[in-house]
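Peer 1: My questions concern the predicted model and sequence given below.
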Amino acid sequence: MIRYYSTNRNLDGVTGITPFKGRVSFRDALLQGQAPDEGLYMPDRIPRIPYDDIIALKGRSYTEAAMLITQTFLNDEIDAGILRTIIEDAYPFPVPLEQVTDSTHIMRLDQGPTASFKDFAARLMARLMGHFRPSGGRLNVLVATSGDTGSAVGEAFKGVEGIDVHILYPREEVSGRQKKQLDTIDGNVQAISIDGKFDDCQNLVKQAFADPSLAYLSFTSANSINFGRILPQMVYYFYAYAQLHRDREGIVVSVPSGNFGNALGCEYARRMGLPVEKLVMPTNENDEFPRFLETGTYEKCSPSLACLSNAMNVGHPSNLARFFDLYGGTVDRTGLVHRYPDIETIRKNIFSVSISDEETKQCIKDAYEQYGIILEPHGAVGWRGLEIFLEHHDDYSLCVSLETAHPAKFPDEIIQLLDIMPEVPDSLRGIDDRKGEAVQLPADYTVFREYLRDNLKSKA
Ligand SMILES: *Cc1c(COP(=O)(O)O)cnc(C)c1O
């Protein structure tokens with residue numbers, strides 16, 4: 001049985017932290033989101049997938065790949081038939097693999113309902129939470145968001161039985177488009193527009209979680225550090241490899257990285273038996289990780305820089321704690337290193353480089369002119385990182401770079417750089433015509449608590 005421990009378990013004697021020494025089930029890790037000591041949950045054993053099972057996925061559907069991988073973690077907590085139903089419901093969209101050169105490919109993870117790769121994780125997590133919720137009870141998901149994560153999470157939970165989602169966002173800090181996306185999800189998902197800043201939204205959520213008088217509402221979070229969001233992100237690496245390998249060769253994967261959750265999925269995939277020769281993790285100008293690999297000293301970027309690839313504007317990646325743990329180190333959520341990991345082994349497995357906004361734009365142009373492929377800023381960071389890696393190591397015959405959002409989400413940049421209008425996928429069409437209103441509340445906890453008491457349900 002796989003159990004989940006906290007990345008902070010060894011931090012005895014550190015002020016402000018009471019290390020959690022226990023181990024919990026997948027279900028508890030999923031519903032709690034993070035460990036009681038604010039560490040991140042890690043599986044205490046990593047299952048191996050036999051190589052022949054991996055290549056047997058060739059020509060099979062994405063659903064089959066998702067079954068094979070997730071079952072190895074979940075088989076003693078969920079019935080295989082139920083898991084299959086959940087997975088089929090989560091992934092009704094394609095995962096295109098585009099060949100670019102003889103040896104390089106782009107995997108497009110942008111075909112879900114909100115057109116970013118976050119749909120993969122959010123949709124499976126939502127359905128697993130629906131399955132694992134207390135019987136007869138209702139779960140209330142509270143999320144504070146400043147942008148894209150909120151709509152991915154909201155869409156993912158839409159129609160999931162037994163769960164209501166409440167998304168708080170700062171009224172003046174989201175774009176008109178994003179506001180429309182959040183306000184109109186409908187059904188069991190309600191947007192709450194707060195007269196305040198993102199920090200105010202986060203504080204309201206934190207206070208509600210900590211309020212014993214609201215415990216009957218069974219709050220849970222759906223944040224990016226939930227292990228339930230990491231597990232689904234292991235799957236597409238296996239899927240891509242099985243479809244693309246020719247001669248059982250190894251693979252180089254490039255993952256444009258912000259909070260490192262996506263790249264962590266690849267790190268686990270390698271430990272499970274996928275022959276990943278190198279994990280390339282390019283960042284934007286927030287270069288704390290490539291600098292760490294170069295110098296051996298970790299220093300977060302504070303404050304973080306605002307770059308074109310805005311979903312990667314992260315100065316201290318939340319999942320770095322998991323990478324450190326896997327390589328024998330410990331870093332806490334403030335960015336303080338308590339024990340350094342084995343950096344030589346990290347360097348052997350991982351390559352990282354910082355890509356400036358200038359290079360990102362140039363790459364969008366070059367990729368279009370040279371190969372006719374359209375990339376948006378995040379995918380361009382990934383592709384440029386792969387190119388730089390290959391400039392120094394040209395003997396890899398199978399490489400995949402991830403496109404993590406749909407170019408139509410960045411029309412201004414694409415028009416300006418390529419002078420074309422990216423085709424808008426069905427999922428993004430018609431948003432402007434959708435109807436729905438946010439609840440409007442001040443940034444005041446007493447008012448927020450009254451709202452929760454009056455409007456939230458605790459029973460199925
Ligand atoms: C969130 C996001 C990323 C970064 O992924 P991490 O898992 O945080 O490293 C990259 N691209 C897009 C489009 C994203 O939304």
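Peer 2: Nice, thanks for sending it over. Quantities reported herein were computed from a predicted structural model and do not represent experimental measurements.

Peer 1: Pull up the residues of the chain that are close to the ligand.
Peer 2: 116, 118, 148, 256-263, 311-312, 378, 404-405 (C-beta under 6 Å from any ligand atom). Heads up, the C-betas are built off the backbone N, CA and C, glycines and all.

Peer 1: switch to 5 Å and redo it
Peer 2: Listed as neighbours of the ligand in the chain under the rule C-beta under 5 Å from any ligand atom: 116, 257-262, 311-312, 378, 404-405.

Peer 1: Let's see which of those end up in helices.
Peer 2: Judged by DSSP state H, the residues of the chain next to the ligand include 261-262, 378 as members of helices.

Peer 1: Most widely separated two among the residues of the chain next to the ligand?
Peer 2: For the residues of the chain next to the ligand, the farthest-apart pair by C-beta to C-beta is Phe260 and Ala405; their separation is 16.9 Å.

Peer 1: where are the low-confidence patches of the protein?
Peer 2: 147, 460 (pLDDT under 70).

Peer 1: The same query, at a cut-off of 80, please.
Peer 2: Within the chain, the segments meeting pLDDT under 80 span 146-148, 175-177, 223-224, 394, 460.

Peer 1: residue ranges of the strands in the stretch 251-400 of the chain, please?
Peer 2: Under the criterion DSSP state E, counting those that start in this stretch, the stretch 251-400 of the chain contains strands at 251-254, 276-280, 330-331, 337-339, 350-351, 399-403.

Peer 1: actually the stretch 101-250 of the chain, not the one I typed
Peer 2: 104-108, 139-144, 163-170, 189-195, 219-220.

Peer 1: Reformat the ones you listed as CSV; add mean neighbour count.
Peer 2: Below are the strands of the stretch 101-250 of the chain laid out as CSV (neighbours: other C-beta atoms under 10 Å):
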stretch, mean neighbour count
strand 104-108, 22
strand 139-144, 23
strand 163-170, 24
strand 189-195, 22
strand 219-220, 20
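
Peer 1: For Glu437, find the nearest of these.
Peer 2: Smallest distance to Glu437 across these (C-beta to C-beta): 8.2 Å, for strand 189-195.

Peer 1: Just name whatever secondary elements that closest one is in contact with.
Peer 2: Packing partners of strand 189-195 (3 or more C-beta pairs under 8 Å, 6 or more residues apart in numbering; DSSP states H and E): helix 148-157, strand 163-170, helix 176-183, helix 198-210, strand 439-442.

Peer 1: Of these, which stretch is the most buried?
Peer 2: The highest mean neighbour count among those, using mean count of other C-beta atoms under 10 Å, belongs to helix 148-157: a mean of 26.

Peer 1: now for the helices and strands packed on strand 189-195, which one comes closest to Gly228?
Peer 2: Ranking these by their distance to Gly228 (criterion: C-beta to C-beta) puts helix 148-157 first, at 11.1 Å.

Peer 1: Distance from the chain centre to that closest one, please.
Peer 2: 12 Å (C-alpha atoms, centre = their mean, to the nearest Å).

Peer 1: same deal with stretch 402-416?
Peer 2: Stretch 402-416 sits 19 Å away from the centroid of its parent chain (C-alpha atoms, centre = their mean).

Peer 1: contact partners of it?
Peer 2: With C-beta atoms under 8 Å, 6 or more residues apart in numbering as the contact definition, stretch 402-416 has outside contacts at 106-111, 115-117, 253-256, 262, 308, 311, 361, 364, 374-379, 382, 420-425, 428.

Peer 1: if we go to 7 Å?
Peer 2: 106-110, 115-117, 254-256, 262, 308, 374-379, 382, 420-425, 428 (C-beta atoms under 7 Å, 6 or more residues apart in numbering).

Peer 1: In that stretch, which of the residues would be classed as buried?
Peer 2: 402-410, 413-414 (16 or more other C-beta atoms under 10 Å).

Peer 1: For the ligand, what's the nearest residue on the stretch 101-250 of the chain?
Peer 2: Nearest residue of the stretch 101-250 of the chain to the ligand, counting by C-beta to the nearest ligand atom: Ser116, 4.4 Å away.

Peer 1: burial of that residue, as a residue count?
Peer 2: Ser116 has 23 neighbours, counted by other C-beta atoms under 10 Å.

Peer 1: wait, doesn't it sit right on Ser151?
Peer 2: No. The pair Ser116 and Ser151 fails to qualify as a contact (C-beta atoms under 7 Å) at a distance of 9.1 Å.

Peer 1: Closest one to Asn286 out of the ones in helices among the residues of the chain next to the ligand, please.
Peer 2: Nearest to Asn286 among those: His378, at 12.9 Å, using C-beta to C-beta.
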